[in-house]
Every structure is written in C-alpha cells, then in structure tokens.
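**Q** here is my input, please return the structure:
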Amino acid sequence: MLHEPRFLSAEQYLLVTLIVQLAGIAALSTMLVRFRRFRTLLLTERRDWPERVKFIGALGVPLAAGVVSRLLLGYAAADVSLGGAFLAGLVAGPYAGAIVGAMVGLTALDRGEWIAVPLFVGCGFAGGGLREICPKDAIWHFSPFVLTGLPRYLWQLVRRFVVDWQMLLIAAPIALEVLRQVLGHRYGPDRVFFFPATSAGMLGLTLLAMTLTVAIPIKIWNSARIEHKLQEQEALLLEARIDALTSQINPHFLFNTLTSISSLIRTRPDTARMLINRLSGLLRRRLRAHDHFVSLRDELSAVDEYLDIECVRFGPSLRVDKDLDPGTLDQVVPSMILQPLVENSIKHGLADKLGERLITLRAHREGSVTVLEVIDNGVGIDDDRPSRSVNTGIGLANVSERLRVIYGAQGRLAITSTPGQGTQVRLEIPDPLLPERRTA
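**A** Numbering: from 1, shown residues only. Now for the predicted structure:
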C-alpha cells in the first residue's frame, strides 16, 4: 500500500537546517585547527598583516564557498556568513573581520543580495570592536551557557554597574541576527539571506543557532590553544629538568681536584697546569646547557678529561681500557651521561680498593640501540653498606632519571655487581628523534 509523502513543517525544516549548519561549522573549525600554522595563529594575540592574511584566507575561503553552495545548490545550511564574519573580527581584529565579511558579501552580491555586503562587513567590524575593548581571556571563554546567570548579571549591573563581558559578547551576535531578521523582512530574501522567523519559537532557535555558530569554533580553538600551550610547557619543563640534571657536579670531586692542584703548583707546575686545563674543559662542558645531545666521541672526550684528573690523583694504580666499536662513535647520546658513571665507579668502587684499579669502557650496537658499559674491578655494591648503595650520590640516580626523562621506557640502565669483584653498569640508548630546541 502506497503512502503519501510527508514533508517537514517550517519549524522542522528550520531545526534540521540549523543542526546541520552547526555540525558544518564544528567540522570546519576542527579541520582548520588540525593545521599547525593555523594553531600558531590562534596562539598570538597581536598578529602582523601576513598572519592576518593567512587567517583571512583560512576562514574566508570556506565561508565564501558555503555561500556559493547555497546559491548554486540551494544548500542553505552551508551559509554561515553572518556568524563567520563576526567570528573573524572577534578573533583576528576589525580589519580581518571586515575583509572576511566583504568576501562573503561580494559572493552573495552576484545574485543581487546587495544588503549582504554592508551587513557582513559591519558584522566583522562589530566583532573586531569587541575584541579591542574587552579582555582577551573573555573572548576565549565565550559560551552561551552564561545566559543562565542573566538575573545575577542584571542585579550586578544595577547595583554596582559592573560590566559582564560574557553577556556583552553574547548580546552582540544576537543583536546582529535580529538586525538581519528586520532587514530580511523589510527588503525580502532576495536582498539578504536569512531564515525567516515567523514565530517566537523559530526566532529563539535562530538566535540560539547564531550564538552557537560563534561559540562552537571558539571552544574548539581554545581547546587546541590550551593543548598547544600545555605541550610547550611540558617541553620547557623537560628541558629544564635535563638542564638541572646535566649541570650537577660532585662538590667532593671539585674539592679533591683543587686540593691536588694546590699541592702540585710548586713541585710539579706542568702537571698542575694540565689539571687546570682538564678541569676548565670539564666545567665548560657542564655549562653548555644548550648541548643536551652530543656524539659519543665528544662524550668520551669529556670522560678522558675527567680520567686525566683522577689518574694524577691515584697515580699508576689506576688504568683505563677501552673497547669501542668505531661504528658507535658518531651515535648521538645525552651529554655528560658517562662521566657520572665513571665518577661513581671511582668514588664507590675503586677509592677503597688496594692494588690495581681498572675501569673498562665498552660501546657497541645491538639493532637500533647503542649499548654503553662502564665496568670496574672495585669492591662492588653492598646493599648493607649505605656508602656503597646504588642510590648513593648523584651518579647512578642522575643517569637513571635522565634516561627516564628523555627516552621513557625505551632507555634502560642495568647494574650487575659482585661484592669484592666489581660492578658493571650497562646503558641502552635508543636512536633518538631529536626534538627542536624550544625557546621561551
């Protein structure tokens, strides 16, 4: 049995069209914010003209395309000209809003909608004017839900004459939509596009949709702004933590080195001069906060400077062996990652040992991982003696924390120790994708 087709009423058609319109503006806002350059534009409150032109193009071209879609295809939900022009002015300033308004207005002018040009240009200036007078944070907190506090706002306005910027921001697009309704009923839909509101309910839906047309993009873009700022803060915090860990130096080592230099100045001045040069080179590396990553070859040079100092202190009883794969010397590693381990071996493993003291440095590749090992034949780690605990001092704890901060779970530090025989510390460093240096 055939059924007669059912058509939407005027209220139903308006409701469906407005819902599709809001979905379209949300989709457009989400697509734009996925581009890094557009997100960068949102982060700066004061933009020069090249940045404004980028914003105008990013927002004005899709809005003009929506007008073309309405004119050629009869797809009314694609036209968000009034809200788009006001939004452009609110975010990018009066001139950017006016240009976007002119772009969509001139597109509609091709079909004789001559009221569109002055109306939409005025909307852009209105949004930009509000941007100039209200606090910038108030713009990014734009929300229609503050209408629930309208009685409280009116009471504050009467009692203290306190301006609520949120109410003013919401009142502006509502007033512009009312103006469009008035002009549309006066001159007809052939002169300006609008959704005719023939009842109070339809007018309320139209005003709410206009407010949401502005509020939805702002909410989406503000979330992206907050996320971007959090990422930047996280990167800066990471950089600060690496700086702090890298710049640490054992005060006992510095004291012992200066004492050795003092004792050698008169008897062995050449050796004292060599120690001063080695110490200055080591301290210079510590002060290079911008060099978070270096080649393994440079890192071993820093270790050699440290060992030259310690060899003077311990004399011929301290010997250093190196077993280095030449293919690892150009691998990128965190700066000052080996010297704390060597220092830890000497301080906790070899200082109290009698006889020959041996430190072995090894480096080789295992797949995409660079393996570094520091091995000593010292007294080993005894958990019953706090002075030789794994967590003592800044050596192992420093390296472990830096690996965790830089590489997460991919960077590993493993310790194998036998009391009375020695200790082996193994580092597994993955090939990093070095981030760009960020500046505050």
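
**Q** would you map the helices across the stretch 101-250 of the chain?
**A** 116-133, 136-140, 150-159, 165-187, 200-246 (DSSP state H, counting those that start in this stretch).

**Q** tell me the helices and strands packed up against the second one.
**A** Using 3 or more Cβ pairs under 8 Å, 6 or more residues apart in numbering; DSSP states H and E as the contact criterion, the secondary-structure elements in contact with helix 136-140 are helix 165-187, helix 200-246. Where C-beta positions appear, they are placed from N, C-alpha and C, glycine not excepted.

**Q** pull out the buried residues from that helix.
**A** Within helix 136-140, the residues scored as buried using 16 or more other Cβ atoms under 10 Å are Ile139, Trp140.

**Q** name the nearest residue to Trp114, sequence neighbours excluded.
**A** What sits nearest to Trp114 in space, not counting adjacent residues and going by Cβ to Cβ, 6 or more residues apart in numbering, is Arg191, at 6.1 Å.

**Q** you'd agree the one you found is up against Pro118?
**A** No - checked against Cβ atoms under 8 Å, the pair Arg191 and Pro118 is beyond contact range at 11.2 Å.

**Q** give me the more crowded residue out of those two.
**A** Looking at Arg191 and Pro118 with other Cβ atoms under 10 Å, you find the greater number of neighbours at Arg191, namely 18 against 14.

**Q** lowest-pLDDT helix or strand in this protein?
**A** Across the helices and strands of the chain, mean pLDDT, DSSP states H and E gives its lowest value to helix 150-159, namely a mean of 59.

**Q** give me the residues contacting stretch 302-321.
**A** By Cβ atoms under 8 Å, 6 or more residues apart in numbering, the residues outside stretch 302-321 that reach it are 256-257, 260, 264, 271, 274-275, 278-279, 281-282, 285, 335-336, 338-339, 342-343, 346, 350, 355-361.

**Q** okay, now the domains of the protein?
**A** The chain breaks down by automatic domain parsing into domains covering 10-232, 247-430.

**Q** for these, which has the smallest mean pLDDT value?
**A** Mean pLDDT per stretch puts domain 247-430 lowest among the domains of the chain, at a mean of 80.

**Q** for that domain, the distance to its chain's centre please.
**A** 34 Å (Cα atoms, centre = their mean, to the nearest Å).

**Q** just stretch 85-102 next, same as before
**A** 27 Å.

**Q** swap in stretch 194-205?
**A** 43 Å.

**Q** okay, buried residues for it please.
**A** Phe194, Phe195, Ala197, Met202, Leu203, Leu205.

**Q** so what's the backbone phi/psi at the first one?
**A** Summarising the backbone geometry of Phe194 under the convention degrees, to the nearest 10, its torsions are phi -160, psi 160.

**Q** pull the number of nearby residues for the residue lying closest to it once chain neighbours are set aside.
**A** Distances taken as Cβ to Cβ, 6+ apart put Gly184 closest to Phe194, at 3.8 Å, once the chain neighbours are dropped. The number of residues packed near Gly184 is 20, by other Cβ under 10 Å.
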